[in-house]
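Visitor: coords please:
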Amino acid sequence: MPVTVTRTTITTTTTAGSPTIVGSPRALTQPLGLLRLLQLLSTCIAFSLVANVGAWVGSMGNWCMFTWCFCFSVTLIILIVEVFGFQQRFPLSWRNFPITFAFYAALFCLSTSIIYPTTFVQFLAHGRVRDHAIAATTFSCVAFLAYALEVTWTRARPGEITGYMATVPGLLKVLETFVACIIFAFISSPNLYQSQPALEWCVAVYAICFILAAVAILLNLGDCTNALPIPFPTFLSGLAFLSVILYATALVIWPLYQFNERYGGQPRRGRDVSCSMAHAYYVCTWDRKLTVAILTGINLLAYLADLAYSTRLVFVKV
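Guide: Next comes the predicted model:
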């Protein structure tokens, strides 16, 4: 008796309300699949336009090129996993990985869409290179919108059972680590903080809080939360509380020692020689200090919101 083998497909329902078919090429024709194809196309065009004319120079240019290439590569991996149904074989939690990456990608593309035109494009002469750079910036914005839309579609709704990274506290962890990475980029010059032990304390705060938030993300991506000696909600609450205290000290110390003359700071931008002239691919020292101060405040607000959500989660569990 002849036996016929047909391809097996798995159907799941997304929070957007439409079914997503995985383990089949039909996954690409669903709304989420089409959105990921848009992400793939926009990031590919962005880095191709820039690479074609060599329109990236210095650390800022490398950051932008890395962003587009990284987002393109991981999005391609996600599409391959879903088309061929490799979710069970994927080394990380598939409930948590796609939305975690989507939010990181949205933040990366947003930062690139701001950094690339302000530190590079505006200094280019009119011509083919500038046109390519402007087009790349446009597609970077498109990629940001596509990734942000995926996060909006797939994030957890009230009462829905899903992975931790799809919840508000999980997304806040992504934001906290991303902002810390931007801070690290702006304090890459040791002369910004080595003159004062208090400023070195701020750098230590950024590093400690980044590591703690990254550990929480990795525990969820690896489905290792049950390995903790204490309940995971309690761990998250303690982590958020510690980070709030540490960032509060940094929010006071960093501006005080960077912008107050009494503590050796420089209150006015005009006094910074490096800011007297506009340079491509470069952010002057005073602007770096101010940016770090602003980002410190943003991350403190993120940790405060994280603490509020985490504390509420502990009480709910109790």
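Visitor: So which bits of stretch 42-62 are buried?
Guide: The neighbour-count criterion (16 or more other C-beta atoms under 10 Å) identifies 42-47, 49-50, 53, 55-56, 60-61 as the buried residues of stretch 42-62. Placement of C-beta: from N, CA and C, glycine included.
Visitor: Oh, that last question was meant for stretch 215-233, not what I typed.
Guide: 216-217, 219-221, 225, 232-233.
Visitor: what ranges do the strands span in the protein?
Guide: Using DSSP state E, the strands assigned to the chain run over residues 10-13, 19-22.
Visitor: if you average pLDDT over each of those strands, which comes out lowest?
Guide: Mean pLDDT is lowest for strand 10-13 among those, at a mean of 40.
Visitor: Now do Asn220 against Val292, distance only.
Guide: 28 Å (C-beta to C-beta, to the nearest Å).
Visitor: An error on my part: the question was meant for Phe210.
Guide: Applying C-beta to C-beta to Phe210 and Val292 gives a distance of 14 Å.
Visitor: likewise Ala305?
Guide: Relative to Val292, and taking C-beta to C-beta, Ala305 is found at 21 Å.
Visitor: which of the two has more neighbours?
Guide: Val292 (26 against 16; other C-beta atoms under 10 Å).
Visitor: looking at it, the more buried one is touching Trp254, isn't it?
Guide: Yes - with contact defined as C-beta atoms under 8 Å, Val292 reaches Trp254; the gap is 6.3 Å.
Visitor: burial count for Pro190?
Guide: 10.
Visitor: again, but for Thr249
Guide: Using other C-beta under 10 Å: Thr249 sits among 13 other residues.
Visitor: what about the helices in the stretch 51-200 of the chain?
Guide: 58-84, 97-119, 128-154, 168-186, 197-221 (DSSP state H, counting those that start in this stretch).
Visitor: which one of those helices lies closest to Gln258?
Guide: With C-beta to C-beta as the measure, helix 197-221 is the member of the helices of the stretch 51-200 of the chain nearest Gln258 (7.4 Å).
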